[in-house]
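[1] Let me see the structure of the following:
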Amino acid sequence: MPDEVVDAELVEDDRLPAALTDPGIVLGGALARPVLTQHTVLRPGELPTTERPQYTAADFYVSQETAEAMDERSRPKNTDRNRKSQCRMFEDWCAEMGRVAVPCTTATYIEYIASLIAQDRYAPNSLRTHKSAVRAMQPEDAKPGTSVVNGLINEYAVDWGKRNRVRKAPAISDANFRAMVASCDQRHPIGIRDRCVLLLGRGALNRRIELADLLLSDVEVDDDFVSEGVRFSKTDQEGEGETTDIPAEPDDILMCPVDATRAWFGMLHRLGVRDGAFFRALTVAGTLQNRSRSKRGDHVSGDAVNDWIRGRAFAAGLPNWSKVTAHSLRRTGAQRIAAAGGDPTKQGRWKAGSVVVKREYLDRAQSRKENPWLLVQEQQRKQADQ
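    Down below sits the predicted model:
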């Protein structure tokens, strides 16, 4: 009979291994293992615990109210709609290509983004939102890698930037802006509203959606300032809110934001509006439009705000009226502040230290002040005076 080989441990008689029945080692009839994670912090001499919490259903469920809040308020509604659409696009593509959408492989993730790039119709930022949407729909423990996808998008962005220069809404000169404000008939509700939109939009450097989302309770007027509370903005995704003050123009009543805001408040009261949306859609006759079928209720859309402002540019006879938008007011205000030596960052609710503000407004204003042709003009004036 061949010898039987047995694994064994040789020990001294007085140093036998600890018995498995030791109560310090066995818990509940099973070997106890220390509960350690990458977040465990032990002090010198401290032993890891061997006790695991006993979870119940209460530890995993949220209430119906919380679930609804998660669904409705976790992202802006337009962002949520976009993300759902992007996820459906990915699912449809996977079905067509015979691939698994959830959980997807990194190869599928790469191939999908590469297919979008190949269409050459998506801007780089749009591709990044598609990338994020697809990754967000994957389980936490099965998310695809991003390094290759990021590299593809970055390479595409360089080429896209060369071929598609961003066309910015034009700034508006002081004379043209005054002509736009002057086109607002102060005997008609639409004219009163549009004058207020123009002066607040430029004064507070508003984005179009900020104007569209304003409530009556967000706007306060005193003799010297209009205070506009922006509850939510592009750089305030948490909705902490920020107040922007716009000074009066006591020497120019037509261009005075305080006078324009008071006039619009008075018109709202005559229309029977006491709360809710600040800027309202009006009929040609100057009455309130029926908004019962609108998804935004009494709030107009950002596109509507752009239409009002563009209409005033047309009425004022601006040659580039079709390109004027709410961003023209924001850009114009920022340029004027920077040219005067101020910093438009806080007034326009950009993030502190914004690269956009520095590059587009502060540096440009400084560059213009130091333009060498100004020296030539100054010399010409001196020669003419002699």
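[2] and the closest residue to Lys369 other than its chain neighbours, how many neighbours?
    Nearest non-adjacent residue to Lys369, counting by C-beta to C-beta, 6 or more residues apart in numbering: Ala339, 8.0 Å away. Where C-beta positions appear, they are placed from N, C-alpha and C, glycine not excepted. If you count neighbours by other C-beta atoms under 10 Å, Ala339 ends up with 15.
[3] Got the phi and psi for Ala339?
    Torsion angles at Ala339 (phi, psi; degrees, to the nearest 10) stand at phi -60, psi -30.
[4] wait, it sits on Arg368?
    Yes. Under the criterion of C-beta atoms under 8 Å, Ala339 makes contact with Arg368 at 7.3 Å.
[5] neighbours around Ala334, how many?
    Other residues near Ala334 number 26, with proximity taken as other C-beta under 10 Å.
[6] gap between it and Ala171?
    Counting by C-beta to C-beta, to the nearest Å, the gap between Ala334 and Ala171 amounts to 9 Å.
[7] What of Asp251?
    For Asp251, the distance to Ala171 - C-beta to C-beta - is 23 Å.
[8] likewise Thr332?
    5 Å.
[9] Who has more neighbours out of these two?
    With neighbours defined as other C-beta under 10 Å, Thr332 and Ala171 compare such that Thr332 has more, 22 against 18.
[10] any idea which helix or strand carries the more buried one?
    Here Thr332 sits within helix 326-339, counting by DSSP states H and E.
[11] For that helix, buried residues please.
    326-338 (16 or more other C-beta atoms under 10 Å).
[12] Identify, from those, the entry nearest to Glu68.
    Within the buried residues of helix 326-339, the smallest distance to Glu68 is 32.4 Å, found for Ala326 (C-beta to C-beta).
[13] all strands in this protein, in order from the N-terminus.
    Under the criterion DSSP state E, the chain contains strands at 26-27, 30-31, 219-221, 225-230, 242-247.
[14] before we move on, back to that, tell me the contacts of the residue nearest to Lys369?
    Neighbouring residues of Ala339 by C-beta atoms under 8 Å, 6 or more residues apart in numbering: Ala365, Arg368, Lys369.
[15] again, but for Thr283
    Counting by C-beta under 8 Å, 6+ apart, Thr283 makes contact with Gln289.
[16] where does the stretch 51-200 of the chain dip in pLDDT?
    Confidence mapping of the stretch 51-200 of the chain against pLDDT under 70 gives the ranges 51-52, 71-80, 164-167.
[17] all helices of it, in order?
    64-73, 77-97, 106-119, 124-136, 147-163, 174-182, 189-203 (DSSP state H, counting those that start in this stretch).
[18] tell me the most buried of these?
    helix 189-203 (a mean of 24; mean count of other C-beta atoms under 10 Å).
[19] tell me the angle that helix makes with helix 326-339.
    Inter-element angle recorded for helix 189-203 and helix 326-339: 40 degrees (by axes from the mean of the first three to the mean of the last three C-alpha atoms, to 10 degrees).
[20] what residues does helix 189-203 touch?
    By C-beta under 8 Å, 6+ apart, helix 189-203 touches 177, 180-181, 183-186, 206, 211, 226, 228, 246-247, 255-257, 260-261, 263-264, 267, 271, 279-280, 282, 284, 286-287, 305, 308-309, 311-312, 326, 329-330, 332-333.
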